[in-house]
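Asker: below are the sequence and a predicted model for it; my questions follow.
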Protein chains: 2
Amino acid sequence: MRPLLRVFVRRLTGCVQPPQPSSSESTLDPDDWSEVRRSGHELLDELLDRLSSVREQPAWSPIPPEVKERLATPASRDPMALTDVLEDFRRDILPYATGNTHPRFFGWVHGTGTVEGAIAELAAGFMNCNVGGREQAAVYVERQVIGWMADLFGFPSDCGGLLVSGTSMATIVGLAVARESTAPGDIRRRGLEAAPAPLIAYASTGAHVSIRKALELLGLGAGSLRQVPERAASGIDPRALEAMIAADRKAGLHPFCIVGTAGSVATGVIDDLEVLADVAEAGGLWLHVDAAFAGALILSERLRSRLAGIEKADSLAFDLHKWMHVPYDAGCVLVRDAAAHRATFSADRDYLSRFERGPGSGDPWFTDYGPELSRGFRALKVWISLRSHGLDRLGRMVEKNCAQATWLADRIEDSKSFRLAAPASLNIVCFRAVAPAEIPIESDELNREIVMRVQESGVAVPSSAEIDGHLCIRVAITNHRTRREDLALLLDALERAREAVLAAG
Amino acid sequence: MRPLLRVFVRRLTGCVQPPQPSSSESTLDPDDWSEVRRSGHELLDELLDRLSSVREQPAWSPIPPEVKERLATPASRDPMALTDVLEDFRRDILPYATGNTHPRFFGWVHGTGTVEGAIAELAAGFMNCNVGGREQAAVYVERQVIGWMADLFGFPSDCGGLLVSGTSMATIVGLAVARESTAPGDIRRRGLEAAPAPLIAYASTGAHVSIRKALELLGLGAGSLRQVPERAASGIDPRALEAMIAADRKAGLHPFCIVGTAGSVATGVIDDLEVLADVAEAGGLWLHVDAAFAGALILSERLRSRLAGIEKADSLAFDLHKWMHVPYDAGCVLVRDAAAHRATFSADRDYLSRFERGPGSGDPWFTDYGPELSRGFRALKVWISLRSHGLDRLGRMVEKNCAQATWLADRIEDSKSFRLAAPASLNIVCFRAVAPAEIPIESDELNREIVMRVQESGVAVPSSAEIDGHLCIRVAITNHRTRREDLALLLDALERAREAVLAAG
């Protein structure tokens, strides 16, 4: 025991004679801390070795059947040494990750993470905070991080905000506040019965499925979502949007929310948010923006004009684990009107009732701004990763990825084997393999098979998208680790996979 | 590069000549991995030192104003060495945790965590998986963990399940499936309009606020929750429940769900779940059980009979971060009918469309069982912590805490300064300080002040509850690190705080 602490404890405990610990009062602490310490250091070294040499490993590996069998065994009643548990982890889990830490992972839209963010998780795990509220540093860290985001996106400094698992949850929160604002106080008390009329929301055809899922969860039903036609260059067609709103009003419905998309799933199209803000304001609608990945453009001096108008949103949902490279999971919602945000989720508390001092004090509590009462210390990895890198460097990664997408699209345009399926937008390149006329192979089948073969080879992970009803190969570069050499390797692997499929077909 | 990897990469890359990395293609990786490595090891040592000596530290510390100021500064545009960021972390964050890792933390209902679970977070951070679905080990690990829980609670092995942040989210998922089951398919499509009549849910007066919040989020409104009177010994009064259901039916409403409480917030009362299951079955209602903390009784041969009937629930929500000591956050929902669970949340996917092979394959996907599409590798800390300790040892911790509560309640009964506010149930002891008749101090004020003084002293963290409209001191022992000596120190601190308040008053 350190001398100061000993004094502290002596002072605290005063004259009391503590009972001796009885053997029946064992804890879950290790009998031998040094063994756990060794295991922890070994694990850290292995994880660092692996990450620093990730370029030399397969981007993805199939899981052998025997591993799957072992990962289906019943729970053990007996304890097991940490070193043995970690041995199993190394054998059965570590090699079979999603792959998004790899420089040639271009599947879906996954961030790469940072080593600093990963180390932060260790600290958060040890601190073991429940960040629902109370007076603790974790709450201040989360507020600070939310403040950074508000500042970045041009939101008022007193806006509401919350870290969540990702944009799906962020959208649920944003749309819940939008719903509540149609009949403040009444929706919470009486439910949707209190709505002035059936509520209708609007989003582009390219909007993410999470918008529909949010409306379903909120009790509005999938039918409450109008899919507004989009244009390749500027997203949602505002004329069509206004016409739909007018038609719904005429039909006795209550248009309540426009959802702008900043970065459509398939091709990265960004709605004209200035125009959406105008339409929303004119019609008294809520503007929610889903900026899941493209929100990160705000980090780049050069690219942030693509998001013009985002600062006018009533609520904004985006991910930190995508193009901002915080390890999974980390998303954020900002709500312009903090009072409306709080009014949607705050709860009277009995046992949670506020104290003026001590851990039960502190205000505001995050539990008053979302559906979750238990919340881990997600903010720490954001705080450590963003401070380590600084906003400018993160912005340069975004710019790099966009330049890489342009470079890749140029190669595809030059290629005889592949053809662009859509203009390259931002960081996403969609294309299709071309089959010689004499080989009778269905295009979807060819492209699907190419994607799977490249993935299985371990060289790279592209994914796919559906454009105009047909499957295409989709390369989404939200990867700070990617270099052009990686894209060259990808192209080569695609070329060879195409040849192999054509030869087999 | 290891020889085998070199061969692998050479084989993969074949004849291609990769372009040389350009300096404009920097990454977020450290220039000097050895520096990051050193910082990581130092941090791990410090965290281990701290945790292994936690008994000698204050249970909670007030946050100095200058720390709060530093935790409110704007984001940095420039990078900062990890070692400096961690220096700030050590100074401003680490000392000001919630305190639930401390052996004398008895506030609210927080678990203690385990060192194994904390180390697991490091591994999850490095792997950086998005566990929404796909073919990856993390999905198998989560399925395995859910299988363990299904087995433990007597749920069918093919039930639906999902790890979530905690019981609040788990309850949202469970009640969403319950809501959907009132008009399968239609609620998702048409929203609550499709419900046969306004939906009504039932829970005891002691039920957690998260039930009401879930109903609000789902669009049913707080008014859809009937608070059924409870009895101290067996929770919900079944006669009253049946009468309320009948009255609502008569009024043209649609009773759809009974929420059983296994461990009420204030005093830990457990509803008679057998009886609730019978009432639910007879009336065709869904039975959801909120077993946030008391679900852990299932781990104890001796205590699990208190949960009899829990295996009949249609959905079950509980926390792993409370009495099962997985680090925050980790909760779980089980849904008996996996098809109904999936039907509530599954989405057609375009870009996510299933592949037969590669990372885009795998089934089922967790995104089809809940509102979240981005999901971190929460399952790993569950897997590592539960395997390290085994179910039996975890069960013994639960038994130990209950015995400690009984011991503490006996001391309170013997005391002249304090009086029990409710019979000690399970692991919770509620009591009030007694003031001599000649000192004119309001009881709520006295007890509130005692709680805050003990918390501020750093000796221990009790919290409070409201019983019969009056504030009492509440000691909830979900702490594997607690020994009787800690409770003795708590009692002593309470005694001295009482004297000080009375002297000041």
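Answerer: Received it, and whenever you're ready, just let me know what you need. Quick caveat: nothing in here was measured; it's all calculated off a predicted structure.

Asker: phi first, then psi, for residue A:270.
Answerer: The phi and psi values for residue A:270, taken as degrees, to the nearest 10, are phi -110, psi 130.

Asker: surely it touches residue A:233?
Answerer: No: here residue A:270 does not reach residue A:233: they are 9.5 Å apart, not a contact under CB atoms under 8 Å. Every C-beta, even on glycine, is put in place using the N, C-alpha and C of the backbone.

Asker: show me the domain layout of chain A.
Answerer: Annotated domains of chain A cover A:130-376, A:392-504 [automatic domain parsing].

Asker: least confident secondary structure element in chain A?
Answerer: helix A:3-13 (a mean of 45; mean pLDDT, DSSP states H and E).

Asker: next secondary structure after it?
Answerer: helix A:33-52 (DSSP states H and E).

Asker: contacts for that following helix next, please.
Answerer: A:30, A:57, A:81-83, A:86, A:90, A:94, A:101, A:115, A:118, A:122, B:29, B:33, B:36-37, B:40-41, B:44-45, B:48, B:52, B:115-116, B:119, B:122-123, B:126 (CB atoms under 8 Å, 6 or more residues apart in numbering or on different chains).

Asker: compute the inter-axis angle for that helix and helix B:33-52.
Answerer: If you take axes from the mean of the first three to the mean of the last three CA atoms, to 10 degrees, helix A:33-52 sits at 150 degrees to helix B:33-52.

Asker: and residue A:240, helix, strand or coil?
Answerer: helix (DSSP: H, G, I helix; E, B strand; the rest coil).

Asker: for it, give its distance to residue B:325.
Answerer: 54 Å (CB to CB, to the nearest Å).

Asker: now residue A:93
Answerer: 21 Å.

Asker: look at residue A:240 and residue B:325 and report which has more neighbours.
Answerer: Counted by other CB atoms under 10 Å in any protein chain shown, residue A:240 and residue B:325 do not tie: residue B:325 has more neighbours, with 28 against 17.

Asker: I'd guess residue A:258 is in a helix, am I close?
Answerer: No: counting by three-state DSSP, residue A:258 is not part of a helix but strand.

Asker: show me what contacts it?
Answerer: Contacts of residue A:258 (CB under 8 Å, 6+ apart): A:201, A:202, A:203, A:241, A:276, A:279, A:280, A:285, A:286, A:287, A:288.

Asker: wait, is the third one part of a strand?
Answerer: Looking back up the chat, that one is residue A:203. Yes: judged by three-state DSSP, residue A:203 forms part of a strand.

Asker: these two touch, right, it and residue A:211?
Answerer: Yes: counting by CB under 8 Å, residue A:211 is a contact partner of residue A:203 at 5.1 Å.

Asker: between the two, what contacts are shared?
Answerer: With CB under 8 Å, 6+ apart, residue A:203 and residue A:211 have common neighbours A:225, A:259, A:290.

Asker: how much space separates the second one from residue A:62?
Answerer: I take that to be residue A:259. With the distance defined as CB to CB, residue A:259 ends up 38 Å from residue A:62.

Asker: more neighbours, those two?
Answerer: The residue with more neighbours, out of residue A:259 and residue A:62, is residue A:259; 32 against 16, by other CB under 10 Å.

Asker: for the closest residue in space to the more buried one that isn't next to it in sequence, give its distance to residue A:258.
Answerer: Of all residues beyond its chain neighbours, the one nearest residue A:259 is residue A:203 (3.9 Å), with distances taken as CB to CB, 6 or more residues apart in numbering or on different chains. From residue A:203 over to residue A:258 the distance is 7 Å, taken as CB to CB.

Asker: with residue A:93 instead?
Answerer: Taking CB to CB, one finds residue A:93 at 43 Å from residue A:258.

Asker: what does residue A:285 give?
Answerer: For residue A:285 relative to residue A:258 (CB to CB), the value is 5 Å.

Asker: same check, this time on residue A:361
Answerer: Counting by CB to CB, the gap from residue A:361 to residue A:258 is 39 Å.

Asker: swap in residue A:156?
Answerer: Where residue A:258 is concerned, residue A:156 sits at a distance of 20 Å (CB to CB).

Asker: mind listing the strands for the stretch 51-200 of chain A?
Answerer: A:160-164, A:199-204 (DSSP state E, counting those that start in this stretch).

Asker: what number of residues are in the vicinity of the nearest residue to residue A:441 once chain neighbours are set aside?
Answerer: Excluding its sequence neighbours, the residue lying closest to residue A:441 (CB to CB, 6+ apart) is residue A:505, at 4.4 Å. Counted with other CB under 10 Å, the neighbours of residue A:505 add up to 13.

Asker: now do residue A:278
Answerer: Residue A:278: 15 neighbours (other CB under 10 Å).
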